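# sequence and predicted structure are below.
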Amino acid sequence: MTPDPELLIGPKAISNFLGITERQLRWLDGKHRLPTFRLDRRLAARPTSLRDWLRDVEEKGRRDRKTCLPEV
């Protein structure tokens, strides 16, 4: 297993890391939902920030599902 790069540069690298299409990435980035930034004019992100963001999204989804499910 190769170690993660410290920095992902460009939509292709970031979308491959997240397992989504470049179109989905651009939509999420346009809504300011991703921990991305511009390096020169290129989109960039740190893998550690993306993992933290994914963990937060997953936890929020679990909390929301718990509040939506009826008691059995």
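It's in.
# tell me which element the residue positioned nearest the centre of the chain falls in.
Centroid-nearest residue in the chain, with Cα atoms, centre = their mean: residue 50, separated by 4.7 Å. In this structure, residue 50 sits in helix 47-68 according to DSSP states H and E.
# now do the buried residues in that helix.
Taking 16 or more other Cβ atoms under 10 Å as the basis for neighbour counts, the residues of helix 47-68 that come out buried are 47, 50, 53. C-beta coordinates here come from the backbone N, C-alpha and C atoms, glycine included.
# which among those residues gets closest to residue 11?
Using Cβ to Cβ, residue 50 is the member of the buried residues of helix 47-68 that lies nearest residue 11, at 13.0 Å.
# quick check: the closest one touching residue 14?
Yes. Between residue 50 and residue 14 there is a contact at 7.4 Å, judged by Cβ atoms under 8 Å.
# hey, what's in contact with both of the two?
8, 34 (Cβ atoms under 8 Å, 6 or more residues apart in numbering).
# pLDDT weak spots in the chain?
Scanning the chain with the threshold set as pLDDT under 70 gives 1-4, 66-72.
# and with 50 instead?
For the chain, not a single residue meets the criterion pLDDT under 50.
# what sits up against stretch 24-32?
If you take Cβ under 8 Å, 6+ apart as the criterion, stretch 24-32 is touched by 11, 14, 15, 18, 20, 34, 36, 43.
# PyMOL command for the buried members of those residues?
Selecting the buried subset of the contacts of stretch 24-32 in PyMOL, with 16+ other Cβ under 10 Å as the burial test, is done by:
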select buried, resi 11+14+15+18+34+36+43
